[in-house]
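Undergrad: make a model of this:
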Amino acid sequence: MVRNIYLISFLLVCSLFVSVTLARAQFDSGASTDIEIKLSPVTPSPGQTVTAEAISYSIDMPTASFSWTVDGKQVASGVGKRTISFTVGGIGSRTTVAVSARSAAGKVLEKTFHYGDTFEEAAIEKQAVKFLYHHRGEYWFSAPDDPKNRFTLKEEIIGAPAQFLKANIEAAAIRFNNAIIGMDVPIKIDLAVKDAPPSIRGNTAQGGTKSVTLETGATINAPLFVNAGDVIRVNTQTGEYVERVEKTKR
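TA: Predicted coordinates for the structure are as follows:
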């Protein structure tokens with residue numbers, strides 16, 4: 001009877017040893033691939049900086065070697081490099097972040113995350129606005145039918161087209177998460193030429209250009225035949241002369 005008890009105890013100990021050994025072998029062999037990427041903020045605005053952190057309970061994170069890629073390009077690597085910062089793409093873009101972690105025992109964990117796949121158009125809203133005036137780096141807008149309902153934006157929000165805005169031009173404010181992140185300005189705007197070097201007879205046939213100043217204060221290159229008082233059409237995206245709309249009477 002006593003011998004049987006000893007035998008049963010011995011078998012239980014052996015079984016427990018085998019179970020622990022198998023579990024440890026599974027832990028170190030790479031059979032488990034438990035790793036996640038924690039992102040903050042979870043729903044960023046286009047162009048916002050995001051922090052990514054690798055989380056896993058399958059390996060010793062402080063001693064593991066990490067390699068991070070964003071959109072296929074390696075951005076960081078090193079032992080214990082659990083976190084990185086990166087900038088998500090713009091509207092309609094897709095940002096992919098991936099991490100590979102190798103433990104000291106050689107176990108490799110990998111995870112790829114597509115950041116929201118794309119910024120959904122449903123999250124983007126456009127609001128009709130009217131440009132009022134520009135003063136000391138601030139651009140004032142209002143609702144098209146209510147001049148009292150006004151707000152201001154910095155030039156960096158509007159971008160290069162800001163220099164071609166004139167009073168009463170209508171545009172569209174782009175909203176994301178209730179914040180204005182950009183401005184859709186008409187691609188082509190007609191502007192009066194405020195100042196232009198005089199044209200020299202004979203030069204206009206050579207097809208050269210000269211720098212002219214527009215009514216908004218912006219300067220662009222225009223054909224030699226353009227004079228002060230002319231109205232020209234400008235591409236607000238490229239900042240280039242398109243055509244002369246109206247010739248000044250002399």
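Undergrad: and the helices in this protein?
TA: For the chain, the helices defined by DSSP state H occupy 2-29, 155-158.
Undergrad: if you count neighbours, what's buried in the longest strand belonging to the chain?
TA: For the chain, the longest strand by residue count, based on DSSP state E, is strand 124-135. Neighbour-count burial for strand 124-135, counted by 16 or more other Cβ atoms under 10 Å, picks out 124, 129-132, 134. Placement of C-beta: from N, CA and C, glycine included.
Undergrad: that strand packs against which elements?
TA: strand 138-143, strand 146-154, strand 170-176 (3 or more Cβ pairs under 8 Å, 6 or more residues apart in numbering; DSSP states H and E).
Undergrad: pick out the shakiest of the helices of the chain, pLDDT-wise.
TA: Least confidently modelled of the helices of the chain is helix 2-29, at a mean of 44 by mean pLDDT.
Undergrad: low-confidence bits of the protein, can you list those?
TA: 1-33, 42-43, 90-93, 115-123, 200-207, 249-250 (pLDDT under 70).
Undergrad: so who does the residue nearest the centre of it touch?
TA: Residue closest to the average C-alpha location in the chain (Cα atoms, centre = their mean): Gly47, at 2.4 Å. Listed by Cβ atoms under 8 Å, 6 or more residues apart in numbering, the contact set of Gly47 reads 87-90, 181.
Undergrad: and it, how far from Val97?
TA: 15 Å (Cβ to Cβ, to the nearest Å).
Undergrad: returning to what we had before: adding mean neighbour count and distance to Asp71, write the helices and strands packed on strand 124-135 out as TSV.
TA: As requested, the helices and strands packed on strand 124-135 are arranged in TSV below (neighbours: other Cβ atoms under 10 Å; distance: least, Cβ to Cβ, whole Å):
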stretch	mean neighbour count	distance to Asp71
strand 138-143	16	32
strand 146-154	12	28
strand 170-176	17	20
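Undergrad: which among those strands is found nearest to Lys107?
TA: Relative to Lys107, the nearest member of the helices and strands packed on strand 124-135 by Cβ to Cβ is strand 170-176, separated by 40.3 Å.
Undergrad: pull up the pairing partners for the closest one, direction included.
TA: With DSSP bridges as the test, strand 170-176 is paired with strand 124-135 (antiparallel), strand 179-184 (antiparallel).
Undergrad: give me the distance from the shortest one to the chain's centre.
TA: So that's strand 179-184. 13 Å (Cα atoms, centre = their mean, to the nearest Å).
Undergrad: do stretch 224-234 as well
TA: 37 Å.
Undergrad: CA atoms of it as CSV?
TA: These are the backbone C-alpha positions of stretch 224-234, laid out as CSV (Å, rounded to 0.1, in the frame of the first residue of the first chain):
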residue,chain,number,x,y,z
LEU,A,224,6.1,90.2,-70.8
PHE,A,225,2.9,91.5,-72.4
VAL,A,226,1.1,91.6,-69.0
ASN,A,227,0.8,95.1,-67.6
ALA,A,228,-0.4,96.8,-64.4
GLY,A,229,-4.2,96.9,-64.3
ASP,A,230,-4.6,93.7,-66.3
VAL,A,231,-6.6,90.8,-64.8
ILE,A,232,-4.9,87.5,-65.0
ARG,A,233,-6.0,83.9,-64.0
VAL,A,234,-3.7,82.2,-61.5
